[in-house]
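Undergrad: return atomic coordinates for the entry below.
(one chain, ligands or ions: 1)
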Amino acid sequence: MPRPSRRSRSLRRVHIRVPSGVSKLFYKKRKPQKAKCGKCGAVLQGVARERPTKMQNIPKSRKRPERKYGGVLCPSCTKRKIISEVRSK
Ligand SMILES: [Zn+2]
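TA: Numbering: from 1, shown residues only. Take a look at the predicted model:
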């Protein structure tokens with residue numbers, strides 16, 4: 001029986017093959033929620049979903065799309081936003 005703190009499902013269970021060749025069970029913290037569009041709430045594609053310490057090692061170009069409002073708005077909301085910005089000038 002695992003110890004009481006590990007019976008909870010707040011930690012995820014990961015099977016990792018250790019150097020000796022046997023598969024061991026490790027308990028790891030869960031990943032954060034998927035990034036959502038700030039306007040319509042749709043799940044954003046191409047946005048990294050990792051814990052902060054791992055995010056530090058990921059290149060900025062792999063964390064969000066490299067366009068205006070990338071990682072903030074979804075493509076259709078971005079399109080509408082850019083059109084409205086141009087028309088308001
Ligand atoms: Zn949207």
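
Undergrad: any idea of the mean pLDDT for the lengthiest helix in the chain?
TA: For the chain, the helix with the greatest residue count under DSSP state H is helix 75-88. The average pLDDT within helix 75-88 is 96.

Undergrad: close to the ion, is it?
TA: Yes: on the criterion Cβ under 5 Å from the ion, helix 75-88 is in touch with the ion at residue 77. Every residue, glycine included, has its C-beta placed from N, CA and C.

Undergrad: elements contacting that helix?
TA: Applying 3 or more Cβ pairs under 8 Å, 6 or more residues apart in numbering; DSSP states H and E, one finds that helix 75-88 contacts no other helix or strand.

Undergrad: tell me where this protein has strands.
TA: Under the criterion DSSP state E, the chain contains strands at 11-17, 23-29.

Undergrad: TSV for these, including mean pLDDT, distance to the ion and mean neighbour count?
TA: Below are the strands of the chain laid out as TSV (pLDDT from 0 to 100; distance: least, Cβ to the ion, whole Å; neighbours: other Cβ atoms under 10 Å):
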stretch	mean pLDDT	distance to the ion	mean neighbour count
strand 11-17	96	29	10
strand 23-29	96	29	10
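
Undergrad: nothing else from me, thank you.
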